[in-house]
Structures are given as C-alpha cells and as structure tokens.
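Asker: no FASTA, just this:
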Ligand code: URA
C-alpha cells in the first residue's frame with residue numbers, strides 16, 4: 001500500500017480498495033484511504049450507508065460538515081430534506097443505499113478556527129475516489145441509481161452530464177462494465193438554496209417518483 005501522496009495526475013484510491021472484500025471490509029479499508037490529499041484536512045472517510053440488499057443507490061457529491069463529524073452520509077440538513085422527499089415519493093429508506101461520489105469532506109475556512117465552508121471537489125479528486133463507488137456498485141448491484149446533482153452525475157455518466165437535461169428521466173448506461181438504469185435529479189442542497197424552496201422540493205419529489213415507478 002502506498003505511503004507517500006502521489007502527484008496530482010496520479011491521485012487514485014485504487015491501491016487501497018481490497019479485492020473480493022465485502023461491504024464491511026470495504027468500509028474499513030476506506031477509512032485508511034490516502035488516494036488523494038482530501039484525507040488530510042477531513043476528520044474521517046464517510047463511506048456509504050445501507051446494505052447489499054438495497055434496491056436503489058442514491059449518490060451525492062461529498063460529505064458535508066456534519067457528515068464529516070458523524071461519519072455517515074446525508075445526516076445534516078440536506079439529508080433531512082432528502083429523507084422527507086424520499087418519503088413523499090414513496091421510496092422506503094430501508095431500500096436505499098446512500099453514498100457519495102467523493103468520500104472526504106473538502107472545505108475552506110475564511111479564517112483559522114472559523115466555520116468550515118464546503119468546496120467542490122476537483123475532477124481529479126472525483127476520479128481518484130471513483131474506485132470506491134465502483135466497488136460499492138459491484139457489491140450492492142442496485143436496480144436503480146439516483147445521482148443527486150452534477151458531481152454525482154459527472155462521476156457516473158461523464159463530464160458532459162447536465163442535470164437540467166436529464167433529471168427525472170430513466171437513463172440507461174453501461175457503468176464499470178454493468179448495464180445500469182439511472183434517474184438523475186438535483187442535489188438536496190440546491191433545494192435548500194433555492195429562492196422557491198417549496199417548488200424546488202416538489203421538483204425533487206417528482207423526480208424521485210419517477211425513480212419509485214422505475215423500481216416498480
Ligand atoms: N451532501 C452530499 O452530497 N452528501 C452528503 O453526505 C451530505 C451532503
């Protein structure tokens with residue numbers, strides 16, 4: 001296993017991902033990932049939550065401040081909104097595996113010891129983290145993937161992904177050698193930031209209803 005940080009064009013989690021591991025072993029290995037520099041400032045790796053029987057995989061961008069402190073994806077304000085939207089759309093949280101395209105919190109601080117402010121992961125950091133998402137997909141084998149927002153969409157469908165063009169539709173694509181069905185939608189944080197929050201929330205619910213119908 002590598003010990004020194006690789007140069008930027010060679011960031012990758014691949015050497016840290018154990019072959020043939022189950023979800024628990026994968027989670028344990030991810031805790032020690034040093035595939036890109038994001039591990040340095042983050043408190044911990046935030047791996048996916050749910051089990052291999054999950055029918056749908058929800059993929060966010062990266063853990064936020066609260067997820068980084070608590071070690072679970074989507075436990076902060078965006079997660080609470082997502083839970084409400086899933087419930088309204090009729091998707092049982094027990095059927096969902098929830099994860100992120102990037103497993104460490106990336107942030108800036110205006111001043112030392114001040115609030116941590118979310119920073120978007122770079123394309124290199126997203127690609128570095130891709131082997132973890134690939135391993136989660138291979139183990140969970142979800143019937144449907146719901147990318148939440150642009151980062152997750154790009155991580156799964158490539159850099160030309162535009163959430164506004166495909167949200168709420170069933171997309172079929174081969175990902176990591178497997179035929180997948182996806183229903184992309186907006187990120188719940190975008191709903192929290194929207195001027196018309198209720199309208200944006202209903203838009204998210206409508207997209208998730210498409211996902212619920214696709215699950216059958
Ligand atoms: N936003 C994300 O994309 N993922 C989380 O886990 C929390 C907030």
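Answerer: All right, it came through fine. It should be emphasised that the depicted structure is a prediction, and the values quoted were computed from it without experimental measurement. Numbers count the residues shown, from 1 in each chain.
Asker: Show me what the residue of the chain found nearest the ligand is bridged to.
Answerer: With CB to the nearest ligand atom as the measure, residue 60 is the residue of the chain nearest to the ligand, at 2.7 Å. Any C-beta I mention is one placed from the backbone N, CA and C, and that applies to glycine too. Applying DSSP bridges to residue 60 gives these bridge partners: residue 100.
Asker: list the contacts for it?
Answerer: Going by CB atoms under 8 Å, 6 or more residues apart in numbering, residue 60 touches 73-74, 78, 98-101, 148-149, 151-152, 187-188.
Asker: any idea how far it is from residue 32?
Answerer: 22 Å (CB to CB, to the nearest Å).
Asker: so which of the contacts of residue 60 comes closest to residue 41?
Answerer: When the contacts of residue 60 are compared for distance to residue 41 (CB to CB), residue 100 wins out at 16.3 Å.
Asker: and the closest one, what pLDDT?
Answerer: In this prediction, residue 100 carries a pLDDT score of 98.
Asker: Verify the stated contact: residue 58 with residue 100.
Answerer: No. Applying CB atoms under 8 Å, one finds residue 58 not in contact with residue 100, separated by 9.5 Å.
Asker: which one is residue 81 nearest to, not counting chain neighbours?
Answerer: Of all residues not flanking residue 81 in the chain, residue 188 sits nearest, at 4.5 Å (CB to CB, 6 or more residues apart in numbering).
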